[in-house]
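Engineer: My questions concern the predicted model and sequence given below.
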Amino acid sequence: MDPITLEVLGYRLGEVVHTMEHLLFHSGYSPILRESYDGSATILDRNGNVVVGSGAPYHLFPYYYTAQYIIERFGGEIRPGDSYMANDPYHSGNSHVPDVAIVTPVFYQDELIAFCACIAHKPDMGGMVPGSSGAGAREIYHEGMLFPGVRIWTSEGINRDVESILRQNSRTPDEVVGDVRAQVGCTQVGGQRLAGLCEEYSPATILQAFDEWIAISERRLGEELSKIPDGIGVGTAYLDNDGVDLDQPVKIHVTLTKTGSRVRLDFSGSNPLVKGPVNIRPQSTEAGATLALIGLLDPQIPINDGIRRAVEFVNPEGLVTHARFPAPVNNYYPTMHLVNCCVQQAMAELSGRAVAPAGLGIGGNTLGYTRTRSGQPGVQYELQNTSLGGTARNDGTFGAMAMNHVTPSTSLEILETEYPMRVTRFEPLMDSAGPGEYRGGLGYVREYELLGDAKLSIRMSQFRFGGWGVHGGKGPGRPAQAVLNEGSDAEELLPPLQTRDLAAGTRFAVKTSGGGGYGDPLKRDPESVLADVLDGYVSLDRAAQDYGVIIDPETLAIDAKGTAEARR
Amino acid sequence: MSWLVGIDTGGTFTDLAAADTATGTIYTLKVPSVPENPALAVMAALAQLVEEYPVDWSDIHFLAHGTTVATNSILEGKGAKSGLLLNHGLRAIYPMRAGNHPSGPDLIDPYYTKPPELIRPAFTREVRGRIGFDGGEVEPLNEDDVRKAALEFKNEGMESIAVCYLFSFANPRHEERTRELINEVFPNCRVSLSSEVLPVIREYPRLSTTVLDAYVGPVVARYFEDLSGRLEHEGVNTQRFYIMQSSGGLKRMALAVRYPNETLLSGPAAGVVFSQKLSEHSGCPNLLTFDMGGTSADMSVVAGGVVDETREGSIAGQDLGTPMIQIRTIGSGGGSLAHMGKDGLLKVGPESAGAVPGPACYGRGGTEPTVTDANVRLGYLSVDNFLGGRMAGNAGLAKVALQKLGEDLGLDDVALARGILKIVDTQMAVGLRMALMERGADPRDFVLVAFGGSGPVHAVRLARELGISRVLIPRFPGIACSMGLLNTVVKYVYLQSFLARFHEVDPRAIERGFEDLRDKALKDREVEGLDDDSSELLYQLDVRYPRQGYELSVAVEHSKGRPVVSLDALKEEFHRQHHSYYGISAPDEEPEVVNLRLVLHGRIPQMTWSPPDVVEGAALKSHRSAWFDSAGDFVSTPVYDRVRLAPGMRIDGPAIVEQTDSATVVEPGMHFTIDPVGNLIIDLTGQQKG
């Protein structure tokens, strides 16, 4: 196809997915979707390959498996007006149970030409705990109801039988059904827009454009890979534990072999499957790994299934990176993030683009109240951010999700208005960043004082093993923490996966870990170290110890001579 | 003689429009902007007006000014040295920038960074004391904390202080007391209180907006003082000196200095206001405005004569929550550069050739083809008409640049030029369709109003792309913003958070809340020199369905200047408006009130819309060869002189209409007419004469 028409169709297909994404986030019912941006929209070709996507980038890998299941299962029975619902990590490729995908086939003149699909995180899909993601899960059945890909919609409208099952098994039936309807609506609009494009350009042109966009991503990734030398890199990191065997670290390991325009990622060295819900399915491993590759090589490369063709995964079943049925997988994000960090590590030397890892331990906490300000029961669910690691160009940015740099952070005023609690601390933590010529972003503390009784669920990780520095940079001194009643006699450290009843008056704090540092801290510009001291980011002691910058505690001026000596 | 003058400062040029209130005569001119001191360009424009036209300094009885001084101070990082006071223990609110949502590659780029804070943590002090969610005092204000901080700020040489405490919108007492205490130890320091700047719930946007207020306030004050001194020196003594706001209205300078944030996104707002006026004069209630200049295109929606509004703006990544006209900006302009992407496809923008070197055809050293070069190659623009012939151009250089890139892509220069335009038009069409989709509207119900130097060149192709059948090009498309300054009202918007479900609301509480807003409005109104006859107060509630992330403003009935709250009627109206805006509504859901909103509109002199002064002589200047896709070839195309086109004229396409600041392209099979006030109206439906 000529380089003009294909470019124009790139904009037009982008418009279709952005339209779907907008409708998803604006007509969805659950605030989680809006506050956390945990949703996405995509167009797949008729063979179930992602062509173009929009929204949370780590969602763009599961779609392929979802579509494969539906094509295989329903084949010739796929009819105009159908929409399929899928959330089963084992059969339909979702990362975890709350991520519900809707897949709608698109027909043009009776011919299947594509699928429009979207994923949105649901507030509750049933299971052991509110939110469906419990620390106590030991098999997938504990994590809520499973839909491997069922017809939720036909030309007649919603499938009332499936709707009843959904309603009776969710703690938030209105939000879940409302969201599903919005999801179907947005994929239907996407389908209409695609049919309009077929009308304008001919279906053959549109199908060809799908193929060429997929080929472009494959070729672009291949070209970027070709620019770096062939070789082998390894990455290793550890999860504290699986939430069950508390003394057993869980190893994530990758061996990366780059040959020409291809790369092989071998996860065989990772820990065997574990009992707790920190296992992940291969689609999550692929997402974390590929986002690291593209992020480092060229984040402009469109994320679609062309990328699969340039990357070979060796990831046998039975590993923590390839969960075997029916292992639990709900706390997938921290493990996926470690996969991402390991691939960054493995690429550092080969690509010459080392970046320090974002703060580890990313997760969320839920406070369930029997009585909120409105008098009704309610659930305060919050994702906790991390901060990015230092790079050869900049300090790590403060307060961004790893692998999807949005900042979900609910307004304190909204929280205090809705829930019986007060936020007593929300501040960056001094000395929490990994030192380096370019330091990591800082960790922060967010502390809540309960004004009513509540049930707390925390779903975090990495309270023991923190991140690391690269090229002479250092890791953040302190890993993440969750602590009750800090600074009082009743102070208590909590494990990263925990459900607890808390009484009114209790203070609960989350302390996130900072990003790792890049480069030798002794090379950091002393003026930048001084600025960090004045900003309260680095203490005088650590300025001297980590950075060799001596600052007079009275005048707060740099002692040039002392600094020169300390740095010698 | 009494002249109304509008002056708009732009990145490259400062534009002026002057209107005689008695005769309706309009003069326009452009002078180069002076970024180091924009006042110099303002004075130069006025001096040129006085020199070239029969206007005396003392005849200027009304001056409205659109300024980018505040905006530039942010872009260049040259705002005031400011301090920030916030609640003890809550420093992360600012650097966290809740809700920050990067797009595209930034989502996964490990090198991504957030925009820097305008006030460093080193200049942030924490104050003990808390107000609760219901406005009650949880912990008293620690006055020593405030005094100590104020003294430190004084010693640091701060020019301004921003104060943002939690729930100050519900109870401003701690913030107000803080200002008193600051003034005791640090008199004359400018203090920005979040409870005055933006008294609505959600601490981060309120904090960011308050910080902007503190950061740009002193800069704006200095600029206004300097400019008024210069004007006074020349004998311009009018009290009617107004500053354009991002809401599309004006504020008298003496008051504008108190609301410096509202000038921040005012640049393109004047053009939208002008379009809104066009909508009244042309009988088209639904307009899409399309303002395409050298580096970007601004687009907005006027539906039913009403301009879309938003409270989510940002400038260089700094978030701004004050109400403003909703404008979608994309990086497509005449100077956008074409190149081959790493994927082998033709790319246009977002890099721009800027003013220097500019497009290749400017002959200032540019060698890469731009959108303007493509327009020259296809015959839509003539190098002989750049700036009405005052700037020399070279069409050969455009061709060379196109050929060079064309070789890489396997295209000849004409095919490449067509491709560049197809891509840039697609970018803009996608932007406009997204803007309409977001509010549930259909492009076919709209008229496209095109202005800016490049807007009229692209208007017809864009309209075709969108399925729009009418295009309107105003008389002076290159200075639509200056014209907008002569076509608007004084406008103030007062907000107050008021969160409640409809069934829990006490109508009296709403009325009491409005009383407080009314007191504020009446104070400002007096300084504006307005009274009951020359102004009106519009009472509105911002309403949404529960859990929605956006709201609509619903008008509250009023009687004798006071609101009369009827909840049932308001609820009905909200459902109706939601349906008309988004195409859906949920009549079974109980909506909720989010804010009280009071809008003050003041009538001030505006230009009169009268028939244009038509220059005598034949309108047809020449013919030139221009490419049209429908012909599949270059076609000899008549070129008309806009100033010689009289109202009532009707001309069939193909045609090119030239004027000093732009050129309009009309394709074969279409025709255009000139309306009574000189607008050029293109009919795309292909109806022939007779």
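Structural biologist: Nice, I can see it.

Engineer: Just to check, A:V320 is in contact with A:I252?
Structural biologist: Yes. Judged on C-beta atoms under 8 Å, A:V320 makes contact with A:I252 at a distance of 7.0 Å. C-beta coordinates here come from the backbone N, C-alpha and C atoms, glycine included.

Engineer: which residues are common contacts for the two?
Structural biologist: Both A:V320 and A:I252 are contacted by A:239, A:270-271, A:335, under the criterion C-beta atoms under 8 Å, 6 or more residues apart in numbering or on different chains.

Engineer: and which of those is nearest chain B?
Structural biologist: Taking C-beta to the nearest C-beta as the measure, chain B sits nearest to A:T335 out of those, at 18.1 Å.

Engineer: who touches stretch B:353-361?
Structural biologist: B:11-12, B:294-295, B:334-337, B:364-373, B:376, B:383, B:393-395, B:397-398, B:400-401.

Engineer: can you confirm B:A221 is in a helix?
Structural biologist: Yes. Under DSSP: H, G, I helix; E, B strand; the rest coil, B:A221 sits within a helix.

Engineer: these two touch, right, it and B:V257?
Structural biologist: Yes. Assessed by C-beta under 8 Å, B:A221 is found in contact with B:V257 at 5.1 Å.

Engineer: tell me the SS of the closest residue to chain A within the stretch 301-450 of chain B?
Structural biologist: Per C-beta to the nearest C-beta, the residue of the stretch 301-450 of chain B with the smallest distance to chain A is B:G419, at 3.7 Å. Judged by three-state DSSP, the three-state class of B:G419 is helix.

Engineer: which residues touch the residue nearest to it when sequence neighbours are not counted?
Structural biologist: Leaving out its chain neighbours, the residue that sits closest to B:G419 by C-beta to C-beta, 6 or more residues apart in numbering or on different chains is A:I4, at 3.7 Å. Residues near A:I4 by C-beta under 8 Å, 6+ apart: B:345-346, B:411, B:418-419, B:422-423.

Engineer: In those residues, find the pair that's most separated.
Structural biologist: Greatest spatial distance among the contacts of A:I4 (C-beta to C-beta): B:L345 and B:R418, at 15.1 Å.

Engineer: And the two? Which one has more around it.
Structural biologist: Each of B:L345 and B:R418 has its neighbours counted (other C-beta atoms under 10 Å in any protein chain shown); B:L345 has more, 22 against 17.

Engineer: Can you tell me how far the more buried one is from A:L9?
Structural biologist: With the distance defined as C-beta to C-beta, to the nearest Å, B:L345 ends up 10 Å from A:L9.

Engineer: Show me how far stretch B:133-150 is from its chain's centre.
Structural biologist: How far stretch B:133-150 lies from its chain's middle: 38 Å, per C-alpha atoms, centre = their mean, to the nearest Å.

Engineer: returning to what we had before: which ones among the shared contacts of A:V320 and A:I252 map onto helices?
Structural biologist: A:T335 (DSSP state H).

Engineer: Let me have the shared contacts of A:V320 and A:I252 in CSV, extended by neighbour count, distance to chain B and pLDDT.
Structural biologist: Formatted as CSV, these follow (neighbours: other C-beta atoms under 10 Å in any protein chain shown; distance: C-beta to the nearest C-beta, whole Å; pLDDT from 0 to 100):
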residue, neighbour count, distance to chain B, pLDDT
A:L239, 27, 21, 95
A:S270, 25, 22, 98
A:N271, 20, 25, 98
A:T335, 28, 18, 96
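
Engineer: Return the subset of the shared contacts of A:V320 and A:I252 lying in strands.
Structural biologist: Counted as lying in strands by DSSP state E, out of these, are A:L239.

Engineer: which bits of the stretch 101-250 of chain A sit near chain B?
Structural biologist: A:216, A:219-220, A:223 (C-beta under 8 Å from any C-beta of the partner chain).

Engineer: Tell me who's in contact with residue 267.
Structural biologist: If you meant another chain, say so; for now it's chain A. By C-beta under 8 Å, 6+ apart, the neighbours of A:F267 are A:252-254, A:285, A:313-315, A:319, A:321-322, A:339.

Engineer: wait, I meant chain B there
Structural biologist: By C-beta under 8 Å, 6+ apart, the neighbours of B:G267 are B:8, B:10, B:66, B:68, B:71, B:481.

Engineer: Would you reformat the shared contacts of A:V320 and A:I252 as CSV and include distance to A:L350?
Structural biologist: Output for these, formatted as CSV (distance: C-beta to C-beta, whole Å):
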residue, distance to A:L350
A:L239, 25
A:S270, 20
A:N271, 25
A:T335, 24
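
Engineer: for the shared contacts of A:V320 and A:I252, which one is nearest A:E349?
Structural biologist: A:S270 (20.4 Å).

Engineer: can you give me phi and psi for residue 205?
Structural biologist: No chain in the question, so chain A it is. phi -60, psi -40 (degrees, to the nearest 10).

Engineer: Correction: the question concerned chain B.
Structural biologist: Dihedral angles for B:P205 - degrees, to the nearest 10 - are phi -60, psi -30.

Engineer: ok, now A:L522?
Structural biologist: phi -70, psi -10.

Engineer: And A:A120, by the same measure?
Structural biologist: Torsion angles, degrees, to the nearest 10, at A:A120: phi -140, psi 130.

Engineer: do B:V55 as well
Structural biologist: phi -130, psi 130.

Engineer: ok, it - contacts?
Structural biologist: B:1, B:3, B:18, B:27, B:49.

Engineer: and it, how far is that from B:G453?
Structural biologist: 25 Å.

Engineer: Those residues of the stretch 301-450 of chain B touching chain A, which are they?
Structural biologist: B:340-347, B:409-411, B:418-419, B:422-423, B:426-427, B:430, B:433-434, B:437-438.

Engineer: In helices, which of the residues you listed fall?
Structural biologist: Going by DSSP H, the helices hold B:409, B:418-419, B:422-423, B:426-427, B:430, B:433-434, B:437 from those.

Engineer: Could you list the low-pLDDT ranges of the stretch 401-550 of chain B?
Structural biologist: The model of the stretch 401-550 of chain B has pLDDT under 70 over residues B:549.

Engineer: That one: strands as residue ranges?
Structural biologist: B:447-451, B:470-473, B:490-501, B:535-544 (DSSP state E, counting those that start in this stretch).
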